[in-house]
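Undergrad: Need coordinates for the below:
(one chain, ligands or ions: 1)
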Amino acid sequence: MSRNVVITGANRGIGRAMVQAFAEAGDNLWACARKPSVEFEKDMAELAASAGVSIQPVYFDLLDEADVQRGMQRILQEKRPLDVLINNAGIPHGGLMMMTPLKTLREVYQVNVFAQVQMMQLAGRQMMRQKRGCVINICSAGGIEAEPGYLAYGSSKAALAWITRMAAKEWGAYGIRVNGIAPGLIDTDMGAYKPDGEREKMLKRMSIQRAGRPEEVASAALYIASDQAAFMTGHILVLDGGRV
Ligand SMILES: NC(=O)c1ccc[n+]([C@@H]2O[C@H](COP(=O)([O-])OP(=O)(O)OC[C@H]3O[C@@H](n4cnc5c(N)ncnc54)[C@H](OP(=O)(O)O)[C@@H]3O)[C@@H](O)[C@H]2O)c1
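TA: A predicted model of the protein is given here:
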């Protein structure tokens, strides 16, 4: 049976790969991006046509609480069941603690933590009414290890993993499963965002000495959203080629 799935950060990277994977599995999607673009609309329309599903672009900026509210309202007012929420959009930030202004920390937390909680609250209310649902938060291996130079990003992703496990406990009684995926180095624009020599250092530490592919993260999300993972909740699936 086809599901209704919300994916944020759908325009590129891991989010784009997940839109494709879920569409090809026959699911209908709300593909959320920060702002409209002709290329994105065209891409989504072509994907929808080739997979024979509905993919509706929805636009909102996770930096703006009111905008997130409006975007989710637009989804919820369709009064279709919301089966899966994938909180994928996120921002990186590298910088030593002494070089990280609180303003930057707040901005990273707004996107990687507060907006994710807001999305969960808005979707969770509907899922509670339905008495079923599945939330997948895209965390990070960087939120498990305490690495120097990653105060903002690492701690924000650590918070998201904690929130994921806690929400699984609060929402289990409503039939809602809440899990996370903690990718390591994945070949996207964000994966390329590394200080000099950092990528090579990471690759050397990994059992599988290559960056992961966005499609490999999408496959994990497909599994978590499936009935095959019906007993999985409160779990953070590490997908890092054997690094952590
Ligand atoms: N790639 C990796 O190595 C890696 C490793 C661990 C975890 N992750 C996590 O995986 C997730 C996806 O990352 P990715 O590698 O696919 O990164 P990416 O290619 O940089 O894509 C990030 C996505 O997030 C969206 N986004 C960022 N800020 C936003 C905002 N304020 N409002 C709405 N959307 C916003 C971006 O939209 P725009 O195009 O408008 O900027 C883009 O769609 C992130 O949560 C990231 O932390 C990635």
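
Undergrad: Can you report phi and psi for the closest residue to Met202 other than its chain neighbours?
TA: Excluding its sequence neighbours, the residue lying closest to Met202 (CB to CB, 6 or more residues apart in numbering) is Leu185, at 5.2 Å. (C-beta placed from N, C-alpha, C; glycine too.) Torsion angles at Leu185 (phi, psi; degrees, to the nearest 10) stand at phi -70, psi 120.

Undergrad: Can you give me the distance of Leu185 to Leu203?
TA: From Leu185 over to Leu203 the distance is 7 Å, taken as CB to CB, to the nearest Å.

Undergrad: who touches both of these two?
TA: Ala211 (CB atoms under 8 Å, 6 or more residues apart in numbering).

Undergrad: Looking at the two, which has the bigger crowd around it?
TA: Leu185 (23 against 16; other CB atoms under 10 Å).

Undergrad: Now do the contacts for the more buried one.
TA: Counting by CB under 8 Å, 6+ apart, Leu185 makes contact with Gly191, Arg199, Met202, Leu203, Met206, Ala211, Gly212, Asp240, Gly241, Arg243.

Undergrad: What are the boundaries of the helices in this structure?
TA: Assignment of helices within the chain using DSSP state H yields the ranges 13-24, 38-51, 65-76, 102-109, 115-130, 151-171, 189-192, 198-205, 214-225.

Undergrad: one step back: of the contacts of Leu185, which count as buried by neighbour count?
TA: Gly191, Met202, Leu203, Met206, Ala211, Gly212, Asp240, Gly241, Arg243 (16 or more other CB atoms under 10 Å).

Undergrad: So what's the residue count around Tyr193?
TA: 14.

Undergrad: who's in contact with the closest residue to it other than its chain neighbours?
TA: Once flanking residues are discounted, Tyr193 sits nearest to Pro92: 5.1 Å by CB to CB, 6+ apart. By CB under 8 Å, 6+ apart, Pro92 lies in contact with Tyr153, Met190, Tyr193.

Undergrad: pretty sure the second one is touching Gly13, no?
TA: This points to Met190. Yes. The criterion here is CB atoms under 8 Å, and Met190 meets it with Gly13 at 6.3 Å.

Undergrad: Quick check, Gly94 in contact with Glu147.
TA: No. In this structure Gly94 lies outside contact range of Glu147 using CB under 8 Å: 9.6 Å.

Undergrad: So for those two, which residue has more residues nearby?
TA: Using other CB under 10 Å, the more surrounded residue of Gly94 and Glu147 is Gly94, with 18 against 15.

Undergrad: Report the contact partners of that one.
TA: For Gly94, the contacting residues are Gly149, Tyr150, Tyr153, Tyr193, Lys194, Pro195, by CB under 8 Å, 6+ apart.
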